[in-house]
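J.: Kindly return the folded structure for what I paste below:
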Amino acid sequence: MMDKVLFKKSFGNVLTEHGFRKKGQSWYLYGPDCIVVLNLQKDDFSALYFVNFGVWLLSLGDAQYPPENHCHVRSRLERLFPLHRELILDACTLSSDPSALAPFIALLHSDVVPLCQRCLSIEGLKEEVAAGRVPHYGVVRLARSVLGLPECT
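T.: Sure thing, here's the model as predicted:
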């Protein structure tokens, strides 16, 4: 069984090492055009933590610490990395073996942080959405025109 403190510390250490700032259960990475938010959300009915991903577009409003659920682009980590879904969910479940944490930490370094860094500019975010790495269905109406996406009907 994994220790909650170990899980949160391991997750947070990777992010702070890459320039994220922590506030509450969220970590913020600031760029010229956007703020990327990674948020830990505890499931009410299990030992699972979800990792929520959000991008706040500064051209649509100034914010220092935007809550993930108010961000203009939103998703869950396992949706951004579907090939690693089981790895993510296993590592984020406190009832899992602590050995599940090491591959998750490696994924944070190799894939998650670089994606976050690419999403700090409008151009980078557009590229990630166009390539399908960030799902377009997670983009709110207000941000769709900024990112050159068609309106949802």
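J.: So which elements touch the lengthiest helix in the chain?
T.: The residue-count maximum for a helix in the chain (DSSP state H) belongs to helix 4-17. Applying 3 or more C-beta pairs under 8 Å, 6 or more residues apart in numbering; DSSP states H and E, one finds that helix 4-17 makes contact with strand 21-23, strand 26-30, strand 34-42, helix 101-107. The way it works is simple: take the backbone N, C-alpha and C, and place the C-beta from them, glycine included.
J.: Name the residue closest to the centre of the chain, please.
T.: Central residue of the chain (C-alpha atoms, centre = their mean): Phe53, 2.6 Å from the mean position.
J.: That one looks like it's in a strand, true?
T.: Yes: judged by DSSP: H, G, I helix; E, B strand; the rest coil, Phe53 forms part of a strand.
J.: Help me confirm that it comes into contact with Leu38.
T.: Yes: counting by C-beta atoms under 8 Å, Phe53 touches Leu38, with 6.1 Å between them.
J.: So for those two, which residues contact both of them?
T.: Counting by C-beta atoms under 8 Å, 6 or more residues apart in numbering, the residues touching both Phe53 and Leu38 are Glu68, Leu77, Cys116.
J.: tell me the contacts of the second one?
T.: Same thing as Leu77. By C-beta under 8 Å, 6+ apart, the residues touching Leu77 are Leu38, Phe50, Val51, Asn52, Phe53, Ile88, Val112.
J.: follow-up on the earlier one: tell me what the residue nearest to the centre of the chain is bridged to.
T.: For Phe53, the beta-bridge assignment (DSSP bridges) gives partners Leu38, Ser75.
J.: how near is it to Val37?
T.: With distances taken as C-beta to C-beta, to the nearest Å, Phe53 is found 7 Å from Val37.
J.: For those two, list the residues in contact with both.
T.: Glu68.
J.: buried set for the helix or strand of the chain with the lowest mean pLDDT?
T.: Within the chain, no helix or strand scores below helix 141-144, which has a mean of 94 by mean pLDDT, DSSP states H and E. Residues Ala143, Arg144 are the ones in helix 141-144 that count as buried (16 or more other C-beta atoms under 10 Å).
J.: before we move on, the earlier item: okay, the helices and strands packed on helix 4-17, which one's buried deepest?
T.: Most buried of these by mean neighbour count (mean count of other C-beta atoms under 10 Å) is strand 34-42; its value is a mean of 22.
J.: Identify the residues contacting that one?
T.: 8, 11, 15, 20, 25-29, 48-58, 63, 66-68, 71, 77, 112, 116, 119-122, 125.
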